[in-house]
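Q: I would like to see how this sequence folds:
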Amino acid sequence: MSVADDLYAAYETETAPPAQILIMLYDRLLRDLDVGAAALTEPVDLNSANSALCHAQDILMELVLALNPGVWDGAESAGVLYHWALRELASANMKKEPSYITPVRVALSELRGAFAGAADQVATERRSAGRVGV
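A: So this is what the prediction gives:
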């Protein structure tokens, strides 16, 4: 990534509404899962797998820490999902076994889609009410 790419990504993150930042986190998380799974298949690249899976776990921990049951009634269920995903990714990394990653990716991809759909709906409602942003 070039310096210009880094600056653009930083600007995009700093100016994005909260819902968009959540989607960006999920996109990066899913990319890390793809990289980790690919690095654990032939030809195996253990350093890349470890780096990607550890970064995915870091993102999941940030998502766990951001959960607020007082604001969202789905926080407890999301926490259970995130902790399950953390355990599965730790197993994938320790056992060097990509099969642990697939169900995690499927579950998190579905959740990402749900969040994106909700964010789109809120944005549409706000636009129709004459407000901007999510």
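Q: Ignoring the adjacent residues along the chain, who's closest to the spatially most central residue of the chain?
A: For the chain, the residue nearest the mean C-alpha position is Tyr26 (2.4 Å; Cα atoms, centre = their mean). Excluding the flanking residues, the one nearest Tyr26 by Cβ to Cβ, 6 or more residues apart in numbering is Arg112, at 3.7 Å. C-beta coordinates here come from the backbone N, C-alpha and C atoms, glycine included.
Q: got the contact list for that neighbour?
A: Shown in contact with Arg112 (Cβ atoms under 8 Å, 6 or more residues apart in numbering): Ile23, Tyr26, Asp27, Leu29, Leu30.
Q: Buried subset of these as a ChimeraX selection?
A: Listed next is the ChimeraX selection for buried residues among these, using 16 or more other Cβ atoms under 10 Å:
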select :23,26,29,30
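Q: Return the subset of the contacts of Arg112 lying in helices.
A: Ile23, Tyr26, Asp27, Leu29, Leu30 (DSSP state H).
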